[in-house]
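Participant: I would like the atomic coordinates for the input below:
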Amino acid sequence: MALTVHKAYWLTLLLSLPASAFLVRLFMIQHDCGHRSYFRSRRLNDLLGHAIGMLTLTPHGYWRRAHNIHHATSGNLDKRGIGDLHVLTVREYLALSRWKRLAYRIYRSPIVLFGLGPLYLFVIKFRLPLDMLRLQLGALPSVLITNLVIAGAIIGLGFWLGFTEALMVQGPIVFMSSVAGVWLFYIQHQFEGTSWRRNGEWDFDEAAIQGSSFYDLPDVLGWLTADIGIHHIHHLSSRIPNYRLRECLRENPELQEVGRITLRDSARCVFLALWDEGAERLISFKSLSRSRSNA
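Facilitator: All right, here's what the predicted structure looks like:
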């Protein structure tokens, strides 16, 4: 991409597709390192996770803590807020003022969730993630060191290629890989048949199996995403490394249809935005309006 940016930018953009795909795979390896499952050695997991985090713009120490909280609270309606996408129940949404409803609808719109949101998350929020730092100051060194390395890389690329050219090379990679990352995280939990429970009824195993999807991707996409689509098994036991998930799925046929979503199915999940506690399913704003009109 650096060799073509001055001569044929269309080729630079074309090359950004595999570059973004490989960066997504690196992020998934970092994800396993966050669970300390990629290697047997805890130290090797941490070293590789921190190194990859400087490429994925994701401070490893902070992200590992936040993501492990997500695993411990996924599907628990009373413990939302860290490491997940914001979801309101129908009752909570209807209790909001008109302007707050509008703000939530904007937040849940595809252009924000899968356009502006990923850039905000990876480029801005991860530079100073105040939500987690207020709870665990131990994550601060990881954030600061990652930011320093990123700043050094930007300066180095700027002096080598020119700052505008460096943005032309790196910008498409950051955008496409961050969108892919947010989309994967979205589809792993935001599907119609997912499971959410109040704290007293919440069960870890049920939340893992019923509240996480099996995103059945073609083999190439499965490899590029390190089989993170086999998410129900991953949530059931996060110590299983990504290179064993497919084997686990084969050996447990009863899990092969649970929460299964294909690429075509996933397109229909884009507009799901509210948890209907009565029907125990995610619904769209359009479905809510229709049900209220009928009532």
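Participant: could you list the low-pLDDT ranges of the stretch 101-250 of the chain?
Facilitator: Residue ranges of the stretch 101-250 of the chain with pLDDT under 70: 132-138.
Participant: quick one: the strands in it, in order.
Facilitator: 214-215 (DSSP state E, counting those that start in this stretch).
Participant: got the phi/psi numbers for residue 273?
Facilitator: Dihedral pair for residue 273: phi -150, psi -20, per degrees, to the nearest 10.
Participant: quick one: the helices in the stretch 1-150 of the chain, in order.
Facilitator: For the stretch 1-150 of the chain, the helices defined by DSSP state H, counting those that start in this stretch cover 9-34, 42-56, 60-73, 90-94, 98-107, 110-111, 117-119, 130-133, 140-161.
Participant: likewise the stretch 151-295 of the chain?
Facilitator: Remark: helices assigned in the stretch 151-295 of the chain by DSSP H, counting those that start in this stretch are 163-189, 204-211, 219-224, 231-236, 242-251, 263-267, 285-294.
Participant: quick one: residues contacting the residue most central in space within the chain.
Facilitator: The residue lying closest to the centre of the chain (CA atoms, centre = their mean) is residue 185, at 3.3 Å. By CB atoms under 8 Å, 6 or more residues apart in numbering, the contact list for residue 185 reads residue 85. From N, CA and C alone the C-beta is placed, and that goes for glycine too.
Participant: just to revisit the earlier point, for residue 264, find the nearest of the helices of the stretch 1-150 of the chain.
Facilitator: Proximity to residue 264 (CB to CB) singles out helix 110-111 among the helices of the stretch 1-150 of the chain, at 16.8 Å.
Participant: which outside residues touch that closest one?
Facilitator: Applying CB under 8 Å, 6+ apart, the external contacts of helix 110-111 come out as 270, 271.
Participant: and what of stretch 276-293?
Facilitator: Outside stretch 276-293, the residues touching it (CB under 8 Å, 6+ apart) are 77, 87, 89-91, 93, 105, 108, 190-196, 271-275.
Participant: count of neighbours near residue 10?
Facilitator: Counted with other CB atoms under 10 Å, residues neighbouring residue 10 total 8.
Participant: could you measure it against residue 4, distance?
Facilitator: Distance, residue 10 to residue 4, by CB to CB, to the nearest Å: 9 Å.
Participant: same check on residue 59?
Facilitator: With CB to CB as the criterion, residue 59 and residue 4 are 31 Å apart.
Participant: those two: which is more packed in?
Facilitator: residue 59 (29 against 15).
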